[in-house]
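S.K.: 3D model of this:
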Amino acid sequence: MSDTYRDSHKAEGYGASYDKEFQSNPHRALIWQIERRVLDRIVDRFPAGRRIRHLDFACGTGRVLAHLRSRAAESVGVDLSESMLDVAREKAPGARLILADLTRDDVLGGEAFDLITAFRFFPNAEPELRREAADALVKHLAPGGYLVFNNHLNLTSTMHRAARLLGRGGHEGMPQSDVDDLVRTAGLKIVKTYGIGLMPATEKHLLLPRRLLGAIERTATACGLLTSLTQDLVFVCARSA
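M.R.: Have a look, this model is predicted:
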């Protein structure tokens, strides 16, 4: 196993196994269902008729690209795992997929994007890698554009609090202070925060029937209820100037 997140997804066949596990995990599937609604709301923030160029950083198996491809004039995905991109090519056939480490090799040159997404990356990455990635992405953010990333390991969530109370972990994640520092040093500001996953749940087991839990979670996200207690925080960021 790699010691760094940068190399953690490079194993042969990892993309197919990751995609299969993600789809079969009931809690992740529920969170992703609500994340899709949030992504649609974010795209709706742009003026009607604006041709949006979308960049998905650490695009993995192309989940975000596939969902947004009908809303974007151009979709680009960058990842350093060939096996993850193999799956992305099937999920998002209309996207331009690039095998590269954007933090070390700026293969995009002077290209600018209206919407840049980075999901399930920053909480998993080491602090130095987080800063390198944020700096690399801001260079490609078009005027009036948004950088959107999530913290699916929010340490103040009910799930993490319950785990710590029961002595079952809950200490690994990304505190809000780290998020604020990352955004500030990158020259950005948070203009909107969406909270997803208010109810405690394990990765593989839902504590309530899926239909009931889904209704509760969708309502909580739409109303902005107790955002700081949700497991998955989605941040919409714009340039601070």
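S.K.: just checking, what packs against the helix or strand encompassing residue 65?
M.R.: For residue 65, the host element (DSSP states H and E) is helix 63-68. With contacts taken as 3 or more CB pairs under 8 Å, 6 or more residues apart in numbering; DSSP states H and E, helix 63-68 sits against helix 26-43, strand 53-57, strand 74-79, helix 82-91, strand 113-118. Backbone N, C-alpha and C define where each C-beta goes, glycine included.
S.K.: Please, where are all the helices along the protein?
M.R.: 14-24, 26-43, 63-68, 82-91, 127-138, 158-165, 176-185, 210-223 (DSSP state H).
S.K.: quick check: angle from the longest one to strand 113-118?
M.R.: It stands for helix 26-43. Interaxial angle, helix 26-43 versus strand 113-118 (axes from the mean of the first three to the mean of the last three CA atoms, to 10 degrees): 160 degrees.
S.K.: What is the burial count for the closest residue to residue 149 other than its chain neighbours?
M.R.: Sequence neighbours aside, residue 118 is the residue nearest to residue 149 in space, at 4.2 Å (criterion: CB to CB, 6 or more residues apart in numbering). As a burial measure, residue 118 scores 23 neighbours (other CB atoms under 10 Å).
S.K.: Pull up the gap between residue 118 and residue 66, please.
M.R.: For residue 118, the distance to residue 66 equals 16 Å [CB to CB, to the nearest Å].
S.K.: Also residue 13?
M.R.: Going from residue 13 to residue 66 by CB to CB gives 20 Å.
S.K.: Mean pLDDT, distance to residue 105 and mean neighbour count added to the helices of the chain, as JSON lines?
M.R.: Putting these into JSON lines (pLDDT from 0 to 100; distance: least, CB to CB, whole Å; neighbours: other CB atoms under 10 Å) gives the following:
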{"stretch": "helix 14-24", "mean pLDDT": "92", "distance to residue 105": "21", "mean neighbour count": "15"}
{"stretch": "helix 26-43", "mean pLDDT": "96", "distance to residue 105": "27", "mean neighbour count": "18"}
{"stretch": "helix 63-68", "mean pLDDT": "98", "distance to residue 105": "20", "mean neighbour count": "23"}
{"stretch": "helix 82-91", "mean pLDDT": "97", "distance to residue 105": "15", "mean neighbour count": "19"}
{"stretch": "helix 127-138", "mean pLDDT": "98", "distance to residue 105": "10", "mean neighbour count": "18"}
{"stretch": "helix 158-165", "mean pLDDT": "87", "distance to residue 105": "35", "mean neighbour count": "16"}
{"stretch": "helix 176-185", "mean pLDDT": "97", "distance to residue 105": "22", "mean neighbour count": "15"}
{"stretch": "helix 210-223", "mean pLDDT": "94", "distance to residue 105": "37", "mean neighbour count": "15"}
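S.K.: Select, out of those, the one closest to residue 76.
M.R.: The closest of these to residue 76 is helix 63-68. By CB to CB, the value is 8.4 Å.
S.K.: How about the contacts made by residue 16?
M.R.: Residues near residue 16 by CB atoms under 8 Å, 6 or more residues apart in numbering: 83, 86-87.
S.K.: for residue 82, same thing?
M.R.: The neighbours of residue 82, taking CB under 8 Å, 6+ apart as the test, are 10, 15, 99.
S.K.: Equivalent analysis for residue 69, please.
M.R.: Contact analysis of residue 69 by CB under 8 Å, 6+ apart lists 75, 92, 94-95.
S.K.: centroid residue for the protein?
M.R.: The centroid of the chain falls nearest to residue 119 when counting by CA atoms, centre = their mean (1.4 Å).
S.K.: didn't that residue look like it was pressed against residue 196?
M.R.: No. The pair residue 119 / residue 196 is not scored as a contact, 11.4 Å apart, by CB atoms under 8 Å.
S.K.: Can you pull the residues that touch both of these two?
M.R.: Overlap of the contact sets of residue 119 and residue 196 (by CB under 8 Å, 6+ apart) consists of residue 35.
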